[in-house]
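Enquirer: The sequence and its predicted three-dimensional model are supplied below.
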Amino acid sequence: MDTNKMRTPLSKVRGLGSAKEGTDHFWRQRLTAVANVPLLLFFIVFIIANNGEPYAVVAGAMSNPLVAVLMGLVLISGIIHMKLGMQVIIEDYIHAEGMKVSLLILNTFFCIVIGAVSLFAVLKLGFGG
């Protein structure tokens with residue numbers, strides 16, 4: 001007897017993919033994409049508003065708690081989205097298993113390092129450093 005016939009449509013969707021995380025990855029990527037729209041609009045407006053300003057003025061603007069928090073969210077959401085997107089590209093186009101695993105590990109570490117350094121810079125400016 002085929003046990004798949006006994007499953008509900010929801011259980012079929014939840015079990016999608018061999019790693020059981022296909023829909024989770026899909027939704028995280030879509031969620032970060034939606035979050036990036038207003039966050040990047042804020043970032044672009046901030047850049048345009050402070051274009052050509054001296055360092056002290058930009059650092060002063062970054063010391064505003066709302067600006068610092070939004071910049072942190074821009075970084076976090078953008079880096080998570082970047083990691084997920086690169087993961088899909090690596091999984092789809094790299095067929096050698098050893099190379100695929102190595103690139104996935106490098107992708108993760110790259111995103112962690114870039115995120116840590118970027119967040120450090122935002123926090124430093126946010127706290128008036």
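Expert: Structure received. Treat the numbers as computed from the prediction; the structure is a model and nothing was measured. Numbering: from 1, shown residues only.

Enquirer: Apart from its chain neighbours, what residue comes closest to the residue nearest to the spatial centre of the chain?
Expert: Closest residue to the average C-alpha location of the chain: Ile80 at 1.7 Å, with C-alpha atoms, centre = their mean. Of all residues not flanking Ile80 in the chain, Thr32 sits nearest, at 5.2 Å (C-beta to C-beta, 6 or more residues apart in numbering). To be clear about C-beta, it is placed using only N, CA and C from the backbone, and glycine gets the same treatment.

Enquirer: Beyond whichever strand or helix holds the one you found, next helix or strand please.
Expert: Secondary structure assignment for Thr32, by DSSP states H and E: helix 22-49. As assigned by DSSP H and E, the chain's next helix or strand after helix 22-49 is helix 55-62.

Enquirer: Check which helices and strands that next one is in contact with.
Expert: helix 65-93, helix 97-126 (3 or more C-beta pairs under 8 Å, 6 or more residues apart in numbering; DSSP states H and E).

Enquirer: what's the spacing between it and its chain's center?
Expert: Averaging C-alpha positions (C-alpha atoms, centre = their mean, to the nearest Å) puts helix 55-62 26 Å from its chain's average.

Enquirer: Report the mean per-residue pLDDT for it.
Expert: If you average the pLDDT over helix 55-62, you get 95.

Enquirer: By neighbour count, which bits of that helix are buried? Give me those.
Expert: Buried residues in helix 55-62, defined by neighbour count with 16 or more other C-beta atoms under 10 Å: Val58, Met62.

Enquirer: Touching that helix from outside, list them.
Expert: With C-beta atoms under 8 Å, 6 or more residues apart in numbering as the contact definition, helix 55-62 has outside contacts at Phe46, Ala49, Asn50, Glu53, Val67, Ala68, Met71, Val122, Leu125, Gly126, Gly128.

Enquirer: OK, contacts around Ile76?
Expert: Per C-beta under 8 Å, 6+ apart, neighbours of Ile76: Gly115, Leu119.
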